[in-house]
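1. A structural model of the following input is requested.
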Amino acid sequence: MITEDEALAHVLESAKLLPSRRVSLTRARERFAARDIFAQLALPVFDNSAMDGYAVAAGSCRPGQSQHVIGEQPAGVDRKLRIAEGEAVRVFTGAPMPEGADAVIMQEDVRRDGSEIFINGEVEPGEFVRRRGSDLSEGQKIIEAGERIRPQTLALLAAQGLVEIDVGGEVRAAIITTGDELVRPGGSLGAGQIYESNSILVRALFDKCGVSIAAVEHCADDALSIEAALRKGLAHDVLVIVGGVSVGARDLVKPALTSVGAQTDLWRVSVKPGKPFLFGRAGQCAIFGLPGNPVSAFVTFLLLVRPAILRMMGANENELSLPKYQAQLAEEVQNRSDRPHYVRGRVAHGKFTPVGRQESHALYGLSRANALLRVPPGEIFPSGNTVPILILD
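-> As a prediction, this is how the structure comes out:
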C-alpha cells in the first residue's frame, strides 16, 4: 500500500497531455489556455472620461470661474474636438478625451447656465480620466499556458478583439459500474438490492471537470460481461470503473483488466475512505478503479482522478489541486486509524463542522458537505483550532 502523495505523483507522471484545439470564446470557459497570450491592444485603448461631466484644462479652472462649453463628445466615434484654456466639452462615461483637456469635472460639481459652466471646487490634472494603457499595456502577458479561463478572463480576451483561442485537449471518458446488487434508478428493488448511484456521481464529477462522457455501462458480477465492457471502454482517453477492485471473491475487475491486456501500475492507497484504488493503462487509455462505496469513490476521484484529467487537458500545477481555505473547527475531530482520513463537513462563516456519519457508504452526510478536512493518522484536532480545508464548491 502506497501513500496518497506517491499515488498522485505516479498518476500525474502517467497522464498524457492531449493535443490542443481552437475554440470560440463562448466555448472556452473553464478550459485551460494552451499557450501564453500577450496583449495586442493597450487598455484603455485611448484616454477617456470616467464620468459624465465636462472635459477641461485643469490649469485654467478655479472655483467660481466659468468655462465656455464648445461642444459635446458622447461615447463612440471620436469627434476630434479640441479645447483651449477657458473652454470645456460636455463628455459622457467612456467618451474620448478632447485634445487639450486633462481633467473631467463631474456634472454634479458644476452649475450650467446656457453655454457656460461655473465650477464649484478645485480641479486636479488627471481627475476622472482613464489614461491609455493604465490598465494593460501592449505586450503584457494576459494569460499563462495552463491557466484556467474564467468568465472574467473571457471578458479581457474579448476586449482584445479575440473571437477564439487555443485550449487544452478534450478528454473523452467511459464509466463502468459493477455489482449484482445494483438496480438502475426507476427500476424495482428486489431483496438485498440497492439503487445504483455511483455512475451519476462520477458523471457529475466528470462534467464539472469539462470531460466529454462517451459511454456509461453497468455490469453484473460476471467476468465475461466485465471484459466486454472494458474492451469498449479502453477506446477512450479515460476509463473509470467503480466497484469490483478489492480482494473479494466477487471482485472481478483486476483479472478482467489483465485479460484485456491492461497494465495495472498501482493498487491500494493509504487513504480513508478509498483504500482499494487502482490505476493502470492500456495503450492511450488511463484506467482508474474506484471503490464501490460512494464516499470512497467521491474522495478518490477528487484526490487522484481529477488532477490527472486536468493535467491531460493542459492545466498547470497551480490548477490541479482543490482550492484550500483556513477555517476554525467548530468541534473536536480525531482520527484513530492508521491512514489519513478525509472528513466531510460544511464550512460557513469561517467555521468547519463535520456533517453526518463519516463511514464510506454515508451519502446523506456527503450530500451536505462543501469541504474536506484531512486528518493525519492518530491526530486529534481540538475544537477552535485553525485548520486547512479543501473546498468542494
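
2. Just the buried residues of stretch 24-32, please?
-> Using 16 or more other C-beta atoms under 10 Å as the test for burial, stretch 24-32 gives 25, 28, 31, 32. (Glycine included, C-beta is placed from N, CA and C.)

3. Redo those as JSON lines? Include secondary structure.
-> Compiled in JSON lines, the buried residues of stretch 24-32 are given as follows (DSSP: H, G, I helix; E, B strand; the rest coil):
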{"residue": "25", "secondary structure": "helix"}
{"residue": "28", "secondary structure": "coil"}
{"residue": "31", "secondary structure": "coil"}
{"residue": "32", "secondary structure": "strand"}
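
4. and the residues you listed as a markdown table, adding distance to residue 378 and pLDDT?
-> Formatted as a markdown table, these follow (distance: C-beta to C-beta, whole Å; pLDDT from 0 to 100):
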| residue | distance to residue 378 | pLDDT |
| --- | --- | --- |
| 25 | 50 | 97 |
| 28 | 46 | 96 |
| 31 | 42 | 96 |
| 32 | 38 | 97 |
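
5. ok, so of those, who is nearest residue 95?
-> residue 25 (27.0 Å; C-beta to C-beta).

6. need the helix or strand of this protein with the lowest average pLDDT.
-> Least confident helix or strand of the chain, by mean pLDDT, DSSP states H and E, is strand 182-183 with a mean of 87.

7. roughly how far is it from the heart of the chain?
-> In this view, strand 182-183 has its centroid 33 Å away from the chain centroid, taken as C-alpha atoms, centre = their mean, to the nearest Å.

8. So what touches that strand?
-> The contact list for strand 182-183, computed with C-beta atoms under 8 Å, 6 or more residues apart in numbering, reads 189, 190, 193, 194, 195, 196, 218.

9. between the buried residues of stretch 24-32, which is closest to residue 101?
-> Among the buried residues of stretch 24-32, residue 25 lies closest to residue 101 (C-beta to C-beta), at 34.8 Å.

10. And the buried residues of stretch 24-32, which two are furthest apart?
-> For the buried residues of stretch 24-32, the farthest-apart pair by C-beta to C-beta is 25 and 32; their separation is 14.3 Å.

11. who does the least confident helix or strand of the chain pair up with?
-> Using DSSP bridges, strand 182-183 pairs in its sheet with strand 194-195 (parallel).

12. Pull the residues that contact the partner strand.
-> 181, 182, 183, 184, 185, 187, 189.

13. go again using 7 Å as the cut-off
-> Residues outside strand 194-195 that contact it (C-beta atoms under 7 Å, 6 or more residues apart in numbering) are 181, 182, 183, 185.

14. Closest to residue 167 out of these?
-> The closest of the contacts of strand 194-195, once distances to residue 167 are taken by C-beta to C-beta, is residue 185, at 34.3 Å.

15. any idea which element that closest one lies in?
-> Using DSSP states H and E, residue 185 sits within no helix or strand.

16. Roughly how far does it sit from residue 200?
-> 8 Å (C-beta to C-beta, to the nearest Å).

17. These two: which is more packed in?
-> Set side by side, residue 185 and residue 200 give different neighbour counts by other C-beta atoms under 10 Å, the larger being at residue 200 (15 against 9).

18. what separates stretch 339-350 from the chain centre, distance-wise?
-> Here stretch 339-350 is found 20 Å from its chain centre; the criterion is C-alpha atoms, centre = their mean.

19. Can you give me the buried ones in it?
-> Using 16+ other C-beta under 10 Å as the test for burial, stretch 339-350 gives 339, 340, 341, 342, 343, 344, 345, 346, 347.

20. and the closest residue in space to residue 313 that isn't next to it in sequence, what does it touch?
-> Residue nearest to residue 313 in three dimensions, not counting chain neighbours: residue 168, with 4.1 Å by C-beta to C-beta, 6 or more residues apart in numbering. If a contact means C-beta under 7 Å, 6+ apart, then residue 168 has 18, 20, 31, 32, 34, 313, 314 as its contacts.

21. So what does the first one look like in phi/psi?
-> Dihedral angles of residue 18 (phi, psi; degrees, to the nearest 10) stand at phi -90, psi 160.

22. How about the second one?
-> Recorded main-chain torsions at residue 20 are phi -70, psi 170, according to degrees, to the nearest 10.
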